[in-house]
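Peer 1: sequence first, then the predicted structure:
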Amino acid sequence: MQLSEQELVRREKLVKLRELGIDPYPANLYPVTYYSKQIKDRYAEGKEVVIAGRLMSRRIQGKASFAELQDAEGRIQVYFNRDEICTGEDKTKYNEVYKKLLDIGDIIGIKGALFKTQVGEITVMVKDFDVLTKALRPLPLPKTDKDGNVYDEFNDPELRYRQRYADLIVNPRVKDTFVKRTKITNVIRDFYNAMGFLEVETPILQPIPGGAAARPFITHHNTLDMPLYLRIANELYLKRLIVGGFDGVYEFSKDFRNEGMDRTHNPEFTVMEMYAAYKDYNWMMDVTERLLEKIALELHGTTKVQFGEHLIDYKAPYQRIGILDAIKEHTGYDLYQKSEDEIREICKKLELEVDETMGIGKMIDEIFGEKCEPHYVQPTFIIDYPVEMSPLTKKHRSKEGLTERFELMVNGKELANAYSELNDPIDQRERFEEQLKLSEKGDDEAMFIDQDFLRALEYGMPPTSGIGIGIDRLTMFMTNNESIQEVLFFPQMKPEQKTPSVALNDEEKAVLAVIQKEEKIDLNTLKSQSGLSNKKWDKTIKHLTKNNLAKVNKTEKGLFVELVD
RNA sequence: UGAGGUAUAACUCAGCUGGUAGAGUACUGUGCUUUUAACACGGGAGUCUUGGGUUCGAUUCCCAAUGCCUCAACCA
């Protein structure tokens, strides 16, 4: 392993700490009494505190020094004064341990008392400190001036995602995003729990990947010797629970889809699905807009949230518009009760790419996605989807050919998808069979038939409304992040390249063999014998000399290559 | 999958028409007891992403590969 100069220096300091009898990785607990934020919020002159955290900056001025300690809550300034720390004759702890052997990034514990500096900053006067963990690798270190400008920000996305731990240490905004993410899920839990709903867990490994249209990941169970799929949705399992007599269930479901990755898609992502018995999609819209309003308020104290260039207002209620009305409004075409061929014609007029495998559902989806979706920036419920694109949704109570379904659009993207759930087992079987036909036509995302789910429906599922909310997307919207990688701690990445081996390649071995035979050989002779190009020769001989296998001697007679003794 | 962009010190980035690379921060040495992007004066630190090619000579030009980014495509 090749260590940089700074890493070597830190390893030397580690040795010196041990020589001074200081364990750089002590086992005992450290009796922390305060966080940095509490100190600032509840300041009292002279109050004694014990704090711990990471050393993030130092301003050394001879016998005294200011530094910043970062803990889970933020940063606090600490003041190291030689004579406060070393009250006797021996000044080693300040001069050596603090000044020479500590580095930025080290984790230390401090016992001290509060005071305010001449400039008025709340500061901890260090009375004693302990090394809690020596950091061997230097941190990327952004600096912020008093106007809030950040210099040398750690901003290479590749490094930030691969080394999220470092990202979290040096970029406070990143940490804040993830705190908000958890706050969002907590608000949702509180909201549904207050309604008496039950949080549940259902299988991630499923024999039939159902509840959505997507390509699944497949794995294999050895004992049962059968394929299993990572779930693409949990919908059908939650409905089984409604059949079983739970009136309200929800689950934060990690779902997996074997599809493309970009700044809004990750192979694993989180959807919150909720099902409530004896409700319909109108009720679900009322509840959902209240929920989103509450989330915005809890996070930001206002219903208005900035996302990119848009200020989104989550204040309920939201506009509700039929998908066919939306299409009519933005394209001028009325698709209601049009045949598959008529719609295909319209798609061609709209210059959309369609092919014979696409049914009515897919084509309408295409038109809406291309022509309408981007217009819905403020929260809008798009409702009443055609039956062909909604195989799990109850038929509309009054509009022929439509279903009781809505999608919530925000920032031109789908944030939630919900229905009055189809609970007629015969209708459901027919819809699955329709899907089977689509699949035979070549639609590789059409749904499988889940016989056990149909059996459950035959026992009778009460009228139910269900919803799925994309938690990653919701977090993006609520934290003003345009990429899903920013709201996932560890987004999926291609594997890091392996470091090249130091073993000799064939050319190097061949050249070395010649040298071994001749013991000492003229450089130019060797070069022409090797038959290598200039560049290749250069690389080869440098590699050999660098690894101390051969050396080049310059004499009056010319350059000679010989073995290293 | 396609089209662009990019890869140089631990971090952020310069580097002209080919001649072994610089700055700020960080590190290191000296000084400095209320500073705050601390300061002052020194110092050292690099497989110029990888592999080929052209050339006397390539970080630079050419070819290819790889990672990352952007935009398309795909995506309930």
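Peer 2: Cool, the structure landed. Everything numeric in this text was worked out from a predicted model, so none of it was measured.
Peer 1: lowest-confidence helix or strand of chain A?
Peer 2: Ranked by mean pLDDT, DSSP states H and E, the weakest helix or strand in chain A is strand A:550-555, scoring a mean of 60.
Peer 1: so chain A: which segments form each domain?
Peer 2: A:5-139, A:176-318+A:378-486, A:506-563 (automatic domain parsing).
Peer 1: show the average pLDDT along the second one.
Peer 2: Across domain A:176-318+A:378-486, pLDDT averages out at 93.
Peer 1: ends of that domain, how far apart?
Peer 2: 11 Å (C-alpha to C-alpha, to the nearest Å).
Peer 1: and that domain, is it in reach of RNA strand B?
Peer 2: Yes - using C-beta under 7 Å from any atom of the strand, domain A:176-318+A:378-486 comes into contact with RNA strand B via A:212-214, A:257, A:259-260, A:262-265, A:389-392, A:414, A:417, A:445, A:447, A:482-483, A:485. C-beta here means a position set from N, CA and C on the backbone, and glycine is covered the same way.
Peer 1: longest single helix anywhere in chain A?
Peer 2: helix A:172-194 (DSSP state H).
Peer 1: give the other helices and strands that it contacts.
Peer 2: When contacts are defined as 3 or more C-beta pairs under 8 Å, 6 or more residues apart in numbering; DSSP states H and E, helix A:172-194 packs onto helix A:164-170, strand A:198-199, strand A:248-256, strand A:268-277, helix A:281-300, helix A:471-479.
Peer 1: strand partners (parallel or antiparallel) of the third one?
Peer 2: The strands that strand A:248-256 pairs with in its sheet are strand A:198-199 (parallel), strand A:268-277 (antiparallel) (by DSSP bridges).
Peer 1: contacts for it next, please.
Peer 2: For strand A:248-256, the surrounding residues in contact (C-beta atoms under 8 Å, 6 or more residues apart in numbering) are A:185, A:192, A:195-202, A:204, A:212, A:216-217, A:230-234, A:238, A:241-242, A:267-277, A:471.
Peer 1: pLDDT weak spots in the stretch 1-150 of chain A?
Peer 2: Low-confidence segments of the stretch 1-150 of chain A (pLDDT under 70): A:1-2.
Peer 1: name all residues that make contact with the nearest residue in space to A:Pro379 that is not next to it in sequence.
Peer 2: Using C-beta to C-beta, 6 or more residues apart in numbering and skipping the chain neighbours, the partner closest in space to A:Pro379 is A:Tyr318 (4.4 Å). Contact analysis of A:Tyr318 by C-beta under 8 Å, 6+ apart lists A:285, A:289, A:378-381, A:408.
Peer 1: ends of stretch A:220-233, how far apart?
Peer 2: Distance across stretch A:220-233, first residue to last, is 19 Å (C-alpha to C-alpha).
Peer 1: give me the buried positions along that stretch.
Peer 2: Buried residues in stretch A:220-233, defined by neighbour count with 16 or more other C-beta atoms under 10 Å: A:228-233.
Peer 1: out of those, which sit inside strands?
Peer 2: A:228-230 (DSSP state E).
Peer 1: re earlier: what does the longest helix of chain A rub up against?
Peer 2: Taking C-beta under 8 Å, 6+ apart as the rule, helix A:172-194 contacts A:74, A:160, A:164, A:167-168, A:199, A:248, A:250, A:252, A:272, A:274, A:291, A:294-295, A:298-299, A:469, A:471, A:474-475, A:478-479, A:481, A:486-487, A:489.
Peer 1: redo that, cut-off 7 Å
Peer 2: A:167-168, A:199, A:250, A:252, A:272, A:274, A:291, A:294-295, A:298-299, A:471, A:474-475, A:478-479, A:481, A:486-487, A:489 (C-beta atoms under 7 Å, 6 or more residues apart in numbering).
Peer 1: any quick ChimeraX command for the buried ones out of those?
Peer 2: In ChimeraX syntax, the buried subset of those is picked out as below (16+ other C-beta under 10 Å):
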select /A:167,250,252,272,274,291,294,295,298,299,471,474,475,478,479,481,486,487
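Peer 1: the residue in the stretch 151-300 of chain A that RNA strand B sits nearest to: what secondary structure?
Peer 2: Nearest residue of the stretch 151-300 of chain A to RNA strand B: A:Gly260, at 3.1 Å (C-beta to the nearest atom of the strand). Following DSSP: H, G, I helix; E, B strand; the rest coil, the label given to A:Gly260 is coil.
Peer 1: for the buried residues of stretch A:220-233, which one is nearest A:Gly322?
Peer 2: A:Ala233 (24.8 Å; C-beta to C-beta).
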